[in-house]
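Engineer: Show me the folded form of this:
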Amino acid sequence: MEIEKIEDLSKDELYELLKIYARNWLAHDGSWFLAIESELGLEKAIHFDTKAWETFTKIEAKRIKEFLNLPDEPGLEGLRIALNFRLYSTLNEQFSKYESPTSLLYFVRTCRVQEARRRKGLPDFPCQSVGLVEYSLFAKTIDTRIKTTSVSCPPNISKPEFFCVWKFELINE
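Structural biologist: Now for the predicted structure:
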């Protein structure tokens, strides 16, 4: 093989490597979660998962915001763009659409976490409480004026054609 370091990779190869890194990160995230779930139960695993997301999602949002050179208050458009740069954005099919000038809906059509659990014969992960922490803190790190609510997310599914749907509202206080 002629490729010896990352700098030797083409743009297409770098994108493939990014997807590998994202899958590796997600596999690690799932591995530790399943280890805790099997030893301590789902409730404890969710507790620790929430704690981890409280830290990670703010770090991820801050780094993306800096990378994209977003202003302090980029509004919903800044959030829409930042969501496209999250680590798992290369893994899950997702899209955003404006409900109004002050409301953005974010749809996750495919979810590798839930799909992996189903392949293993496990029930859907009731991720709404963790997702609320994850998405709320991500959005607030991008712009402190953004409020996040769950429209549909396990265990409260109202839109079964999606794994989850989130609503972001720009609140001018």
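
Engineer: Would you map the helices across the chain?
Structural biologist: Assigned by DSSP state H, the helices in the chain fall at 11-40, 42-68, 75-83, 112-119, 128-142.

Engineer: and Phe162, which of these is closest to it?
Structural biologist: Proximity to Phe162 (CB to CB) singles out helix 112-119 among the helices of the chain, at 10.9 Å. (C-beta placed from N, C-alpha, C; glycine too.)

Engineer: Now do that closest one: which elements does it pack against?
Structural biologist: helix 11-40 (3 or more CB pairs under 8 Å, 6 or more residues apart in numbering; DSSP states H and E).

Engineer: Could you tell me the angle between the worst-scoring helix or strand of the chain on mean pLDDT and helix 11-40?
Structural biologist: Within the chain, no helix or strand scores below helix 112-119, which has a mean of 85 by mean pLDDT, DSSP states H and E. Orientation of helix 112-119 against helix 11-40 (axes from the mean of the first three to the mean of the last three CA atoms, to 10 degrees) gives an angle of 60 degrees.

Engineer: Name the residues that touch helix 112-119?
Structural biologist: 23, 26, 30, 88, 91-92, 123-125, 127, 154, 163 (CB atoms under 8 Å, 6 or more residues apart in numbering).

Engineer: hang on, the earlier thing: the helices of the chain: lowest mean pLDDT?
Structural biologist: Among the helices of the chain, helix 112-119 carries the lowest mean pLDDT, at a mean of 85.

Engineer: Any buried residues in it, and which?
Structural biologist: 112-114, 117 (16 or more other CB atoms under 10 Å).

Engineer: what's the answer for stretch 30-41, then?
Structural biologist: Neighbour counts using 16+ other CB under 10 Å place 30, 33, 36-37 of stretch 30-41 among the buried residues.
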